[in-house]
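when you get a sec, could you give me coordinates for this:
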Amino acid sequence: MPRVVVALIVLSVLFLASGLEGYPQENERLLEGLPQFPGSERLSVERYAYSRSEGYADRHAILVTYEAPAGVTDQDVIDFYIQALTPEWRCQIEKIPMLEEEEPSTTPTLIAEFVHAECQRRIAQLNVNTDGMGFGDGHTFEVGIDSRGAEPR
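Here you go, the predicted model:
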């Protein structure tokens with residue numbers, strides 16, 4: 001095989017590989033630049049690629065789980081991230097009720113409510129999910145990072 005063809009193949013492979021690695025690295029840079037709620041402990045970091053069945057192709061994200069210090073509320077966590085991220089990020093806050101329905105014919109009962117923030121900077125998306133603070137163990141919250149999460153599908 002002529003050297004020019006081999007060189008083109010090698011350059012093509014390197015170009016494709018750098019594009020695939022660049023996206024997860026963008027997520028890592030976002031993670032490194034994020035503030036951490038004071039006194040919280042990072043419990044886990046999960047890195048994953050969305051599946052095509054989720055409607056995304058070649059999408060990657062990071063999910064970080066933290067344990068909040070005793071006495072901290074879900075609103076405290078949301079307020080911290082909103083203040084720390086502004087004005088660069090645009091954030092929307094939503095209160096999400098958790099309902100329990102005994103039987104299909106009964107009125108659902110509110111068993112918990114948690115606060116969720118979805119923030120966007122250009123095409124990057126960051127989610128702060130506090131359902132672990134109002135339901136479950138009562139002390140964990142999650143931060144989801146996707147440097148291209150708001151990019152059109």
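
report pLDDT for Leu99.
pLDDT for Leu99: 81.

which SSE is it in?
strand 90-100 (DSSP states H and E).

in whichever helix or strand comes after that strand, which residues are buried?
Where DSSP H and E defines the elements, the next helix or strand beyond strand 90-100 is strand 109-121. Neighbour-count burial for strand 109-121 flags Ala112, Phe114, Val115, His116, Ala117, Glu118, Cys119 (criterion: 16 or more other CB atoms under 10 Å). (C-beta placed from N, C-alpha, C; glycine too.)

just to revisit the earlier point, contact partners of the strand holding Leu99?
The contact list for strand 90-100 (CB atoms under 8 Å, 6 or more residues apart in numbering) reads 78, 81-82, 85, 108-121, 131, 134-135.

let me know whether Phe114 touches Thr140 as I believe.
No - counting by CB atoms under 8 Å, Phe114 does not reach Thr140; the two are 11.2 Å apart.

between these two, what contacts are shared?
With CB under 8 Å, 6+ apart as the test, Phe114 and Thr140 both reach Met133.

pick out the lowest-pLDDT one from the buried residues of strand 109-121.
Lowest pLDDT within the buried residues of strand 109-121 is found at Ala112 (77).

let me know the helix or strand that Leu31 is in.
helix 3-33.

nearest residue to Ala61 other than its sequence neighbours?
Spatial nearest neighbour of Ala61, excluding adjacent residues (CB to CB, 6 or more residues apart in numbering): Asp146 at 4.3 Å.

stretch 64-82: which residues count as buried?
64-68, 72, 74, 76-78, 80-82.

Ala150 contacts Gln125, correct?
Yes - Ala150 lies in contact with Gln125 (CB under 8 Å); the separation is 4.8 Å.

and the pLDDT for Leu110?
The per-residue pLDDT reported for Leu110 equals 82.

lovely, talk soon.
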